[in-house]
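model the structure of this input:
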Amino acid sequence: MGRGRLAGLLLPFIDAEQKRIPMNSNADTHPPILVIGIGNEDRGDDAAGLIAVRHLEAQTLPGVVTVEARGDAVDLMERWADPGIQTVYLIDAMRSDTTPGTIQRFDAGKAPLPALHIEGLTHSFGPVEAVELARALGMLPPRLILYAIEGARYDNNVPPSPAVRRAAQQVAECIRGECLALQPEALASTTRR
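Have a look, this model is predicted:
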């Protein structure tokens with residue numbers, strides 16, 4: 001099922017106010033890896049995914065496409081619907097009563113995602129639902145990894161906590177390492193600088 005057909009089927013659910021944020025593409029010669037940072041930078045720790053993807057974006061990895069998104073399920077599914085995308089990373093804030101800054105990594109290709117409380121005021125039908133709907137429709141990319149960062153404060157107009165900022169940077173470094181491992185020729189080009 002292509003992107004157009006997906007949008008047609010799910011059009012009644014698309015939020016017309018959803019802001020599409022353009023991709024930063026470094027995917028010139030390598031099979032693209034899509035990294036989506038999810039969140040709202042005006043709601044404290046909900047910015048965790050955005051912070052992580054911005055750290056990763058600053059490193060200019062060959063074959064890696066970075067995106068900032070609000071977390072709408074249809075938008076996410078459309079972004080990874082391109083058959084050329086083999087690997088997708090999602091990064092988002094969560095609430096699970098663990099210590100702020102705790103990082104959890106889930107491989108959606110190995111098992112259904114647990115019922116996480118991904119910070120839902122930004123997206124009520126969000127990343128976890130997008131992954132599981134894509135799985136049910138046979139539209140899950142070959143490899144999809146979700147990194148969830150525990151947050152503590154989600155109030156409007158407050159900065160992200162220091163623990164979440166540190167965790168977001170750690171996630172960016174983990175994803176960078178995984179991307180380089182997936183594309184050994186990219187590793188060679190980044191070490192020759």
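
from here on, just use CA atoms for contacts and neighbour counts.
Will do.

surely Met77 meets Ala130?
Yes - applying C-alpha atoms under 8 Å as the test, Met77 and Ala130 come out as touching, 6.3 Å apart.

let's see stretch 72-83 as CSV, backbone CA atoms only.
Extracted in CSV, the C-alpha atoms of stretch 72-83 (Å, rounded to 0.1, in the frame of the first residue of the first chain):
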residue,chain,number,x,y,z
ASP,A,72,0.7,12.0,14.9
ALA,A,73,0.4,8.3,13.9
VAL,A,74,-0.6,8.9,10.3
ASP,A,75,2.2,11.4,9.8
LEU,A,76,4.7,8.9,11.2
MET,A,77,3.4,6.0,9.1
GLU,A,78,3.6,8.2,5.9
ARG,A,79,7.2,9.1,6.7
TRP,A,80,8.4,5.5,6.8
ALA,A,81,6.1,4.3,4.0
ASP,A,82,8.9,4.8,1.4
PRO,A,83,10.1,1.3,0.4
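
mean confidence score for it?
pLDDT averaged over stretch 72-83 equals 88, rounded to a whole number.

in the sheet, who's paired with the spatially most central residue of the chain?
Averaging the C-alpha coordinates of the chain gives a centre point, and the residue nearest to it by C-alpha atoms, centre = their mean is Leu90 (2.2 Å). Applying DSSP bridges to Leu90 yields these beta-bridge partners: Ile36, Leu146.

pLDDT below threshold where in the chain?
1-31, 116-124, 184-193 (pLDDT under 70).

just the strands in it please.
Ranges of strands in the chain, per DSSP state E, are 24-25, 33-38, 64-69, 87-94, 103-107, 143-150.

let me have those in a markdown table, extended by distance to Arg54.
Conversion of these to a markdown table gives the following (distance: least, C-alpha to C-alpha, whole Å):
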| stretch | distance to Arg54 |
| --- | --- |
| strand 24-25 | 10 |
| strand 33-38 | 8 |
| strand 64-69 | 8 |
| strand 87-94 | 11 |
| strand 103-107 | 17 |
| strand 143-150 | 15 |
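
just the ones you listed: most buried one?
For the strands of the chain, ranked by mean neighbour count under the definition mean count of other C-alpha atoms under 10 Å, the leader is strand 33-38 at a mean of 28.

pretty sure Leu76 sits against Ala130.
Yes - at 6.9 Å, Leu76 counts as touching Ala130 under the criterion of C-alpha under 8 Å.
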